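Novice: everything below, folded, please.
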Amino acid sequence: MVLDSYRKNADKFLDPLTKKFSKANPNIISILSLVFAALAGIFYYLSHYFLLLAFIFIIFSALFDALDGKVARLRNIQSSKGDMLDHVFDRYSDIFIILGMTFSIYGNVYLGLFAIIGILLTSYMGTQSQALGLKRDYSGIAGRADRLVLIIIFSLLQFFITSHFIVYSVDIYATGLLLIWFGLAGNINAITRFFDMYKSL
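Specialist: Numbering: from 1, shown residues only. Here you go, the predicted model:
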């Protein structure tokens, strides 16, 4: 994951927030992240000025997703059940947001399907590595943190830049370009993780 190298910088911002949420149940924080992602997907689908609300809720979803694990570690209450919930909710969050982008006036069903396949396969390869006794694989350019940052940036770009171009009768907006990237980068990343895992077994 590209943003791993900036984790320490992010921790300077997240640590004070983690302390403020220290009494909260990490699973509740995970649920809130999922709810925010669903709202973000709905507002993205509604398009136009609702993109600003989508932008805000994506930020909140990403923030709470980062906080749940940190709060669990701070309180020393990490558990396999919590880890499982976090990863399942992350996948649903990914799908909610991508579906909102796909079915908005800026998206495209085929590009959205391509993006979802790339995202889910990347995540699957990472956790499958751990299931086979190896370390969980976060390598590559299509990690979740990277995706969330790109979605935040492109939702704002889409609000300000409404122009598009046409390729084979398909309108390509900024959102469509992002879906294409998720599909390409995700599938390439999944294949790379597959071969890394295969070599390590």
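
Novice: can you get me a residue count around Leu201?
Specialist: 8 (other C-beta atoms under 10 Å). In this view, the C-beta of every residue, glycine as well, is placed from N, C-alpha and C.

Novice: what sits against it?
Specialist: Leu201 makes contact with 132, 134, according to C-beta atoms under 8 Å, 6 or more residues apart in numbering.

Novice: list the buried residues of stretch 113-126.
Specialist: Buried residues in stretch 113-126, counted by 16 or more other C-beta atoms under 10 Å: 114-116, 118-123, 125-126.

Novice: what's the answer for stretch 69-80, then?
Specialist: Neighbour counts over stretch 69-80 (16+ other C-beta under 10 Å) mark 69-72, 74 as buried.

Novice: Lys199: which of the residues you listed is nearest?
Specialist: Closest approach to Lys199 among these (C-beta to C-beta): Gly69, at 28.7 Å.

Novice: does that closest one belong to a helix, a strand or coil?
Specialist: helix (DSSP: H, G, I helix; E, B strand; the rest coil).

Novice: measure it to Ala10 for me?
Specialist: Counting by C-beta to C-beta, to the nearest Å, the gap from Gly69 to Ala10 is 13 Å.

Novice: follow-up on the earlier one: in a markdown table: the buried residues of stretch 113-126, plus secondary structure, distance to Asp86 and pLDDT.
Specialist: A markdown table is the format used below for these (DSSP: H, G, I helix; E, B strand; the rest coil; distance: C-beta to C-beta, whole Å; pLDDT from 0 to 100):
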| residue | secondary structure | distance to Asp86 | pLDDT |
| --- | --- | --- | --- |
| Phe114 | helix | 26 | 97 |
| Ala115 | helix | 22 | 97 |
| Ile116 | helix | 20 | 97 |
| Gly118 | helix | 21 | 96 |
| Ile119 | helix | 16 | 96 |
| Leu120 | helix | 16 | 95 |
| Leu121 | helix | 19 | 95 |
| Thr122 | helix | 17 | 94 |
| Ser123 | helix | 12 | 92 |
| Met125 | helix | 18 | 93 |
| Gly126 | helix | 13 | 89 |
